[in-house]
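A structural model of the following input is requested.
(chains A and B)
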Amino acid sequence: MAQIQQDKNKLNLTPRRFNMWIFIFTSFMFFAALTSAFIVYSGGKGHALNVIMPQVFMFSTAAIVLSSVTMFLASQAARRLQVAKQRTFLWATFVLGIIFLIAQIYGWYILTFRMGVYFSNPNASQSFIYVFSGMHLLHILAGLVLLIISLVGTYRNTPQAINLFRMEMGSIFWHFVDIIWIYLYVFLLLNQN
Amino acid sequence: MSTLQVQSHGVAHHDHDHEHHHNETFLTKYIFSQDHKMIARQFLITGIIMAVIAMILSILFRIQLAYPDKAFPLLETLLGRFAPGGRLDTNFYLSLVTIHGTIMVFFVLTAGLSGTFSNLLIPYQLGARDMASPFMNMLSYWFFFIASVIMMGSFFVQKGPAGPGWTIYPPLSALPKAMPGSGEGMTLWLISMVFFIASQLMGGINYISTILNMRTKGMDLWKMPLTIWAFFLTAVLGLLAFPVLVAGVVLLIFDRSFGTSFYLSDIVINNQQMSFEGGSPILFQHLFWFLGHPEVYIVIMPAMGLVSEVMATNSRKPIFGYHAMVYSLIGITVLSFIVWGHHMFVTGMNPFLGGVFMITTLIIAVPSAVKTFNWLATLWRGNIRFTPAMLFSIGFVSFFISGGLTGIFLGNAALDINLHDTYFVVAHFHLVMGSAAIFGMLAGVYHWFPKMFGRMIGEKLGYLHFWLTFIGAYLVFFPMHFMGLDGVPRRYYSFTEIESLKQWVSVNTFVTWAAIMSALAQVAFLVNFFYSIFFGKKATQNPWESTTLEWTTPVEHIHGNWPGEIPTVYRWPYDYSKPGHDTDFIPQDVPFSQTLTSNLPHDFEDNPVGLEEHKNWVNTQKSNEEVK
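Numbers count the residues shown, from 1 in each chain, chains lettered A, B, ... in the order given. Presented below is the predicted three-dimensional model:
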């Protein structure tokens, strides 16, 4: 009977895991559309980006790459039933996520007040920097919520199957958000001249 | 022994479900239901209400087109400030056209069609207890409901609903001061669409996940009914296309409210130069039509699936070319993403690029023709039962052909210079995606009504409904082709104001009366539909003698669909009139061991043991014959 019970849990969770992958696909399409819009727009006369990306974006990229590493370590700890370790690495991921968030907003501050690259701009190529990073930040917020859900689970007596499932959801999404930022950042770097 | 244990567990589990079912309150059963059957009915009834509203809107602007100089005091009573002196306000006319298009395309033919039948049939036909995520499914309906309420709410703001057309091209949609329809109405339109897209994405994720993960034993992809294939590919289209519209709308909102210039450039309002510079309205068209074109296939493909199923059942024949039907659906899905430029031939597009889009567009004629010929071949020498659902399916094919042919004209970059934005376009898409898709949906409603409500829908009113609608739709849209060829533009308020259009007012009057007739025909449907829900004849379990799994469920809806174990699937869904069998249909859950007289060698293609058994049986039969 225990065997059957476990099978049932698996049956219930597989489609949900699948749901997450499909959602990631839609998200990917969204960013693909935005960058395609940039390509179409910047093809017009006088629409080159012409902004050297602020240094702080380098820093935030490092933070989010590091957070992906800690997230991986957290999942590994969860799989080995090391709750304390899992909790620590989850907190590390969460803090790095917050650092990324702050760094991005600081990046906007530098762009706007130091470099004079405004959101409301006759050259919309420059507005796109804000759109890319802003829409990405919304995803970061969603990722942070998923991290909190996993974290709360570690403080309660959650069944391992659920714990692992939450960790998996959180890490799939977090790694995706990480990759999307690297994509957007490299895209902007390649187009900055 | 182990098998026995599993079964007993399954039964015990079911009993638990049954208790749960009895404990449901009114709120969880009818309002915030997570049951796919109830959600399907919610989508259907909301869709029907939205369709009636959009139809009334179309009658309003048709009256204006037929009698541009006449005042109807009744209109002022009904519409107040939108019809001063009994004549429609010019801006309100544009709002009517916009909201009619938006509701019909998105709320009726996307949510109403996919939402109803995907929710109803995916778990039923695949043998699943419910959707992958019932909670998300419920949210999907309620987001759709909120979107509908907001869209309707825009009729109650001071300046009226959105007016820039259902395609909301900037600059009209991006400048709140451009015209009354660009104001709060437009804002509400955008908010409503955000909810709508969220609803569609949640629904679509669920459909795909259920189809790929929750099929019953034996139901491999090539044993799925064509309905499921169509819903699956439709959901894939939606998930790929709607995020792109979100991207376009996000940029539009920034232009509207945050002073960016993604789409705006060199704008002068009331002799005042606006601060927008450097934007490109064409960019919006690219983003919009990258969604917009797949959207028309999102509308038509579920209808294709429903029609295939209804036609096979009522012709008592296997669908002709099952594999070709699936591959043509896949072909349409892929092609639909590389044709969006044909909506933009006259935007100053590079003629070479126009040529590329023209070729991809015309290639779509190939899978479409494959489907059409297969439907006709399915009918060929069939033992046809002309139920209302069957008539609507045949009507679907008729509209799909006559509307599809004009698509070949419009897809031609050179011809489109003349035809763009004329009534020819209006005629084309109203036949091919408007009438055809709604006929597919109605075929589905008539066919699966017994499954949804446990009662039969009245046949006589069904026939009346079909013939009046079928004839009415042709009378409405056929004359529009000639107007379009003469260069009559869409969305013009008054034909008497322009010399070259005056001669067409008489045609408009004719079209309007045909439209009123078709609208009245829908009353027959509404009466029939709502009467039959409560007082129709009680349905039997399998009233159409169909082969698919939904007809193996009890007539009374139960939580979890099947009282015992979920049936196992052994055969494809189109075993109609199989030679050698005593009935003219064999349900999917009947194993080959029970149908020895009708088995054929190709039934055992990937089953060598079965083939051996089959050969043995045939040989024994032969030797028995010889003895006789």
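
okay, now residue B:556: neighbour count?
7 (other Cβ atoms under 10 Å in any protein chain shown). For every residue, glycine as well, the C-beta is placed using N, CA and C.

just give the nearest non-adjacent residue to it, would you?
Spatial nearest neighbour of residue B:556, excluding adjacent residues (Cβ to Cβ, 6 or more residues apart in numbering or on different chains): residue B:454 at 6.5 Å.

OK, contacts around the one you found?
If a contact means Cβ atoms under 8 Å, 6 or more residues apart in numbering or on different chains, then residue B:454 has B:538, B:539, B:555, B:556, B:557 as its contacts.

now do the same for the fourth one: its pLDDT.
Looking back up the chat, that one is residue B:556. For residue B:556, the model assigns a pLDDT of 90.

got it, and the first one?
Taken from the predicted model, the pLDDT recorded for residue B:538 is 94.

for residue B:455, see how far away it is.
6 Å (Cβ to Cβ, to the nearest Å).

residues of the stretch 101-250 of chain B that sit close to chain A?
Proximity of the stretch 101-250 of chain B to chain A (Cβ under 8 Å from any Cβ of the partner chain) is limited to residues B:132-133, B:136, B:201, B:204-206, B:208-210, B:212-214, B:239-240, B:242-244, B:246-248, B:250.

picking that back up, may I see the contacts of residue B:454 organised as JSON lines, with distance to residue B:402 and secondary structure added?
What follows is the contacts of residue B:454, written out as JSON lines (distance: Cβ to Cβ, whole Å; DSSP: H, G, I helix; E, B strand; the rest coil):
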{"residue": "B:538", "distance to residue B:402": "39", "secondary structure": "strand"}
{"residue": "B:539", "distance to residue B:402": "34", "secondary structure": "coil"}
{"residue": "B:555", "distance to residue B:402": "38", "secondary structure": "coil"}
{"residue": "B:556", "distance to residue B:402": "42", "secondary structure": "coil"}
{"residue": "B:557", "distance to residue B:402": "39", "secondary structure": "coil"}
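
identify, from those residues, the entry nearest to chain A.
Of all these, chain A sits closest to residue B:557, with 22.2 Å by Cβ to the nearest Cβ.

pretty sure the closest one sits against residue B:37.
Yes: between residue B:557 and residue B:37 there is a contact under Cβ atoms under 8 Å: 5.2 Å.

look at these two and report which has more neighbours.
Taking neighbours as other Cβ under 10 Å, residue B:557 and residue B:37 compare with residue B:37 leading, 20 against 16.

for chain A, give me its nearest residue in the stretch 51-200 of chain B.
residue B:132 (3.4 Å).

tell me the contacts of the residue in the stretch 401-550 of chain B positioned nearest to chain A?
Using Cβ to the nearest Cβ, the closest approach of the stretch 401-550 of chain B to chain A is made by residue B:549 at 18.6 Å. For residue B:549, the contact set (Cβ under 8 Å, 6+ apart) comprises B:124, B:125, B:126, B:127, B:216, B:567, B:569, B:587, B:588, B:589.

in space, what's closest to the fourth one - neighbours in sequence excluded?
Same thing as residue B:127. Closest to residue B:127 by Cβ to Cβ, 6+ apart is residue B:216, at 2.8 Å.

quick check, the one you found in contact with residue B:568.
Yes: between residue B:216 and residue B:568 a contact is recorded at 6.5 Å, counting by Cβ under 8 Å.

the more surrounded of these two?
residue B:216 (21 against 13).

report all helices and strands that the helix or strand containing residue B:189 contacts.
Per DSSP states H and E: residue B:189 is located in helix B:184-213. In terms of contacts (3 or more Cβ pairs under 8 Å, 6 or more residues apart in numbering or on different chains; DSSP states H and E), helix B:184-213 is packed against helix A:2-42, helix B:90-102, helix B:116-126, helix B:134-153, helix B:226-257.

of all the residues in that helix, which ones are buried?
Residues of helix B:184-213 classed as buried by neighbour count (16 or more other Cβ atoms under 10 Å in any protein chain shown): B:184-211, B:213.

between that helix and helix A:2-42, how big is the angle?
Calculated by axes from the mean of the first three to the mean of the last three Cα atoms, to 10 degrees, helix B:184-213 forms an angle of 140 degrees with helix A:2-42.

just checking, residue B:85 is part of a helix?
Yes: according to DSSP: H, G, I helix; E, B strand; the rest coil, residue B:85 belongs to a helix.

does the closest residue in space to it that isn't next to it in sequence sit in a helix, a strand or a coil?
With sequence-adjacent residues excluded and distances taken as Cβ to Cβ, 6+ apart, residue B:85 is closest to residue B:71, at 5.6 Å. For residue B:71, the assignment made with three-state DSSP gives coil.

what about residue B:146, how many neighbours?
With other Cβ under 10 Å as criterion, residue B:146 counts 16.

which residues does it contact?
Counted by Cβ under 8 Å, 6+ apart, residue B:146 has contacts residue B:195.

then the one 4 residues further on?
Applying Cβ under 8 Å, 6+ apart, one finds that residue B:150 lies in contact with B:188, B:191, B:192, B:195.

then residue B:521?
So residue B:521 contacts B:464, B:465, B:468, B:469, B:472 (Cβ under 8 Å, 6+ apart).

in which helix or strand does it reside?
Under the assignment here (DSSP H and E), residue B:521 is part of helix B:505-535.

and the helix or strand bottoming out on mean pLDDT in chain A, anywhere near chain B?
For chain A, counting by mean pLDDT, DSSP states H and E, helix A:2-42 ranks last in confidence among helices and strands (a mean of 79). Yes: Helix A:2-42 lies within reach of chain B by Cβ under 8 Å from any Cβ, at A:4, A:14-16, A:18-19, A:22-23, A:25-27, A:29-30, A:32-34, A:36-37, A:40-41.

out of these, which are buried?
Buried among the residues of helix A:2-42 next to chain B by 16+ other Cβ under 10 Å: A:15-16, A:18-19, A:22-23, A:25-27, A:29-30, A:33-34, A:36-37, A:41.

nearest to residue A:80, of those?
residue A:16 (23.4 Å; Cβ to Cβ).

setting aside sequence neighbours, what's the nearest residue to the closest one?
residue B:133 (6.2 Å).

surely the one you found touches residue A:17?
No: with contact defined as Cβ under 8 Å, residue B:133 does not count as touching residue A:17 (11.1 Å).

what about these two, which has more around it?
residue B:133 (21 against 14).

quick one: the residue in the stretch 301-450 of chain B positioned nearest to chain A from residue B:173, how far?
When distances are taken as Cβ to the nearest Cβ, the stretch 301-450 of chain B reaches nearest to chain A at residue B:337, 10.7 Å away. Distance, residue B:337 to residue B:173, by Cβ to Cβ: 24 Å.

please say which of the two ends up with more neighbours.
More neighbours surround residue B:173 than the other of residue B:337 and residue B:173, with 27 against 16 (other Cβ under 10 Å).
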